[in-house]
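Visitor: one predicted model, sequence on top.
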2 protein chains.
Amino acid sequence: MRATILYGPRDVRSEEVEDPRILKPTDAIIRLSATCVCGSDLWPYRGADAIDQPRPMGHEYCGIVEEVGREVKTVKPGQFVIGSFATSDNTCPHCEYGYQSSCVQREFMTGAQATLLRVPLADGTLVPSAEMPSAELIPSLLTLSDVMGTGWFAADAARVRPGSTVAVVGDGAVGLLGVLSAKLMGAERIIAMSRHETRQRLAREFGCTDIVVERGDAGVERIKELTKGIGADSVLECVGNQESMLQAIRSARPGGFVGFVGVPHGVKLGGAELFASHVHLHGGPAPVRRYLPELIDLVWSGKIHPGKVFDLTLPLDRVAEGYRAMDERQAIKALLRP
Amino acid sequence: MRATILYGPRDVRSEEVEDPRILKPTDAIIRLSATCVCGSDLWPYRGADAIDQPRPMGHEYCGIVEEVGREVKTVKPGQFVIGSFATSDNTCPHCEYGYQSSCVQREFMTGAQATLLRVPLADGTLVPSAEMPSAELIPSLLTLSDVMGTGWFAADAARVRPGSTVAVVGDGAVGLLGVLSAKLMGAERIIAMSRHETRQRLAREFGCTDIVVERGDAGVERIKELTKGIGADSVLECVGNQESMLQAIRSARPGGFVGFVGVPHGVKLGGAELFASHVHLHGGPAPVRRYLPELIDLVWSGKIHPGKVFDLTLPLDRVAEGYRAMDERQAIKALLRP
């Protein structure tokens, strides 16, 4: 089958590899309907994460079940399924508490930018749908595997409520879907921080009411101006670097909530600043599995169209173009057709 | 009048100074019924905070109103009042949001280890009681000015709920009152981290169910053992150093809540660890003013006796002995009688 392997900084290749096989009785093999490139894939692509050995890439997926291990009960060959980027048994205490992405058996998925994918803990990780989705639904359903679930978690962690004033730091696909999530949760005002016209347009389409182009302390000042000096009730941090984290914390009102989902790189937070800020801070790998049933319903019923973040579609073997376009910010997110 | 002045590390003196006067029309002057030494006073006492000039000490107070400025409406001479260590107008957006300790007009009180005290923003800061309290109630009412309100905030920020499993890091007066607060909020299990017998005894009296004497990673391991490997639902951080913060974060379950109220000194939190931990983090200077009415009722009705944390009572002019005893951990908390 075709797979995507990262060999080193900016060296990503589409290659023929052996088909995956069932390794454990709880595994399933799925044939991917679509997959995509994640903003977090750009960290190793840019050399920010060490690459010791060739690394199979991709962790966002949906598709048709080909085969299941003998202990798999709830998922059957022929079904359409979506799963989280983090596997989960969905029965351990952390899963029951709603944090499936911290499941005691968690593995982070990899190798999903491919034709076929082995999914561990299939019963706990995959959500099968009753019917086959139409082709138009596939991109939106695919986003639920990570990017939409992560934007949703950012808004949930930032405790967006009806009437909230929300600021979103980061105009990547996660940030844009954070805007959509905040809108769905009833936010009255959604301030997107973006200096990129295409992304601003999509942010507006998803429900943002204000755009702030300034960054860092100037961005914080602008948020304060827009909120009568108070700060935002909820801030979604969707980047993961030092500047964006501080920008998020400083944009929130005292007692406000910061949801952070950008994988932190080089972030150090001073205890004294956190203390003085009075913010609530919550984040981490999104517990996508918790949200999947609800989000699948929202997509299936046509209430949300998160697939709009895909502004580039490529055949799987041209995956390297997708990485390049996202790295250069020419594309928001690249969908890959196996 | 008599006041307490810090001149340098471990050099605290009781001195005669001029009586305070009304400086602004929103001020009140109160005659202190009792005051005390705070754990946070030990930071400058130990030299951890720079002391540029002689510093009037003390921020916990209750007493009888002597005089009010001409704009003060809700507080009258002769009334018994308790106020927060942080002044507040109680009308600004931050106050209305419940974060009076981030009021736009906030000042941190100082000079309360004295006979008389000027309290700015008297209407918003002070809560008068309908009657004069009995002498036995005074120590417990005094704690509401900071230490009990801070323990309560720690438990509230750590979202203690009926049935919660709670860990408390720090066995100072705040930690002990955090135990009491968690108990009142319905915690089923309260693990106090303490290696000091007197404090362990008081923790048990306040409702703790388990004692952990280990610290750092060994302490975290012990909490994990006691919680079937899961971690605590809620952790109260009541110290403020690097070890205690990490111990708190690492003791919480994924998705759990850490309330931190120890004033951080030298604390730096890695973004990647916070992300992976999946904890909720909230803290800062306790919004004591928000809690005062409820806590006053609890003390007045005899439901709680937070004044038990005072295991040393001294006349005001012997304040230096109080600092010394607390610094050497011979006393939990020193009450001062003006």
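Guide: Yep, it's here.
Visitor: just checking, next helix/strand downstream of the strand or helix carrying residue A:138?
Guide: Under the criterion of DSSP states H and E, residue A:138 resides in helix A:138-143. The helix or strand immediately downstream of helix A:138-143 is helix A:147-157, counting by DSSP H and E.
Visitor: grab the nearest non-local neighbour of the residue of the stretch 51-200 of chain A found nearest chain B.
Guide: Nearest to chain B, among the residues of the stretch 51-200 of chain A, is residue A:102, at 3.4 Å (C-beta to the nearest C-beta). (Glycine included, C-beta is placed from N, CA and C.) Excluding the flanking residues, the one nearest residue A:102 by C-beta to C-beta, 6 or more residues apart in numbering or on different chains is residue B:254, at 3.4 Å.
Visitor: coming back round to it: list the contacts of the residue of the stretch 51-200 of chain A closest to chain B.
Guide: Counting by C-beta atoms under 8 Å, 6 or more residues apart in numbering or on different chains, residue A:102 touches A:94, A:284-285, A:287, B:254-255, B:278.
Visitor: just the ones of those residues in strands?
Guide: B:254-255 (DSSP state E).
Visitor: may I see the contacts of residue A:102 organised as JSON lines, with pLDDT, distance to residue B:240 and neighbour count added?
Guide: As requested, the contacts of residue A:102 are exported to JSON lines (pLDDT from 0 to 100; distance: C-beta to C-beta, whole Å; neighbours: other C-beta atoms under 10 Å in any protein chain shown):
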{"residue": "A:94", "pLDDT": "98", "distance to residue B:240": "28", "neighbour count": "24"}
{"residue": "A:284", "pLDDT": "98", "distance to residue B:240": "24", "neighbour count": "23"}
{"residue": "A:285", "pLDDT": "98", "distance to residue B:240": "29", "neighbour count": "25"}
{"residue": "A:287", "pLDDT": "98", "distance to residue B:240": "30", "neighbour count": "29"}
{"residue": "B:254", "pLDDT": "98", "distance to residue B:240": "24", "neighbour count": "25"}
{"residue": "B:255", "pLDDT": "98", "distance to residue B:240": "24", "neighbour count": "22"}
{"residue": "B:278", "pLDDT": "98", "distance to residue B:240": "23", "neighbour count": "23"}
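Visitor: between the contacts of residue A:102, which is nearest residue B:262?
Guide: Taking C-beta to C-beta as the measure, residue B:262 lies nearest residue B:278 of these, at 22.0 Å.
Visitor: my guess is that closest one meets residue A:261, correct?
Guide: No. Taking contacts as C-beta atoms under 8 Å, residue B:278 lies outside contact range of residue A:261: 11.5 Å.
Visitor: who touches both of those two?
Guide: In contact with both residue B:278 and residue A:261: residue A:284, using C-beta under 8 Å, 6+ apart.
Visitor: number of nearby residues for residue A:302?
Guide: Neighbour count for residue A:302, taken as other C-beta atoms under 10 Å in any protein chain shown: 10.
Visitor: residue A:33 in helix, strand or coil?
Guide: strand (DSSP: H, G, I helix; E, B strand; the rest coil).
Visitor: wait, doesn't it sit right on residue A:79?
Guide: No. Using C-beta under 8 Å, residue A:33 is not in contact with residue A:79, being 11.8 Å away.
Visitor: and the residue of the stretch 51-200 of chain A closest to chain B, backbone torsions?
Guide: Main-chain dihedrals, residue A:102, degrees, to the nearest 10: phi -120, psi 20.
Visitor: show me what counts as buried in stretch A:275-286.
Guide: A:275, A:277-286 (16 or more other C-beta atoms under 10 Å in any protein chain shown).
Visitor: redo those as CSV? Include distance to chain B.
Guide: As requested, these are arranged in CSV below (distance: C-beta to the nearest C-beta, whole Å):
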residue, distance to chain B
A:275, 5
A:277, 7
A:278, 4
A:279, 7
A:280, 4
A:281, 4
A:282, 4
A:283, 6
A:284, 4
A:285, 7
A:286, 10
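Visitor: of those, which belong to helices?
Guide: Counting by DSSP state H, the buried residues of stretch A:275-286 place A:275, A:277 in helices.
Visitor: quick one, helices of chain A?
Guide: Using DSSP H, helices in chain A cover A:42-45, A:93-96, A:122-125, A:138-143, A:147-157, A:173-184, A:197-206, A:216-226, A:242-251, A:271-277, A:288-300, A:319-327.
Visitor: so for residue B:118, which of the ones you listed sits nearest?
Guide: With C-beta to C-beta as the measure, helix A:271-277 is the member of those nearest residue B:118 (24.3 Å).
Visitor: list, one by one, the residues from the stretch 1-150 of chain A near chain B.
Guide: Neighbours of chain B within the stretch 1-150 of chain A, by C-beta under 8 Å from any C-beta of the partner chain: A:93-94, A:97-99, A:101-102, A:104.
Visitor: what about those residues, which one has the most neighbours?
Guide: Ranking these using other C-beta under 10 Å puts residue A:101 first, with 27 neighbours.
Visitor: wait, it sits on residue A:291?
Guide: No. Judged on C-beta under 8 Å, residue A:101 makes no contact with residue A:291 at a distance of 10.6 Å.
Visitor: find the nearest non-adjacent residue to the residue nearest in space to the middle of chain A, please.
Guide: In chain A, the residue lying closest to the centroid (C-alpha atoms, centre = their mean) is residue A:147, at 2.3 Å. Distance criterion C-beta to C-beta, 6+ apart; nearest residue to residue A:147, sequence neighbours excluded, is residue A:173 at 4.9 Å.
Visitor: give me the buried positions along the lowest-mean-pLDDT helix or strand in chain A.
Guide: Counting by mean pLDDT, DSSP states H and E, chain A has its least confident helix or strand at helix A:42-45, which shows a mean of 94. Of the residues in helix A:42-45, A:44-45 count as buried by neighbour count, 16+ other C-beta under 10 Å.
Visitor: from the contact counts, what lies against that helix?
Guide: For helix A:42-45, the contact count by 3 or more C-beta pairs under 8 Å, 6 or more residues apart in numbering or on different chains; DSSP states H and E identifies helix A:319-327 as packing neighbours.
Visitor: contacting residues around the helix it packs on?
Guide: Residues outside helix A:319-327 that contact it (C-beta under 8 Å, 6+ apart) are A:4, A:10, A:12-14, A:36-37, A:39, A:41-42, A:45-46, A:57, A:113, A:312, A:314, A:331-334, A:336.
Visitor: need the buried ones from these selected in PyMOL.
Guide: Entered in PyMOL, the line below selects the buried ones among these, by 16+ other C-beta under 10 Å:
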select buried, chain A and resi 4+12+14+36+37+39+41+45+57+113+312+314+331+332+333+334+336
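Visitor: contacts for the least confident helix or strand of chain A?
Guide: A:6, A:9-10, A:12, A:49, A:51, A:55, A:263, A:265, A:323, A:326-327.
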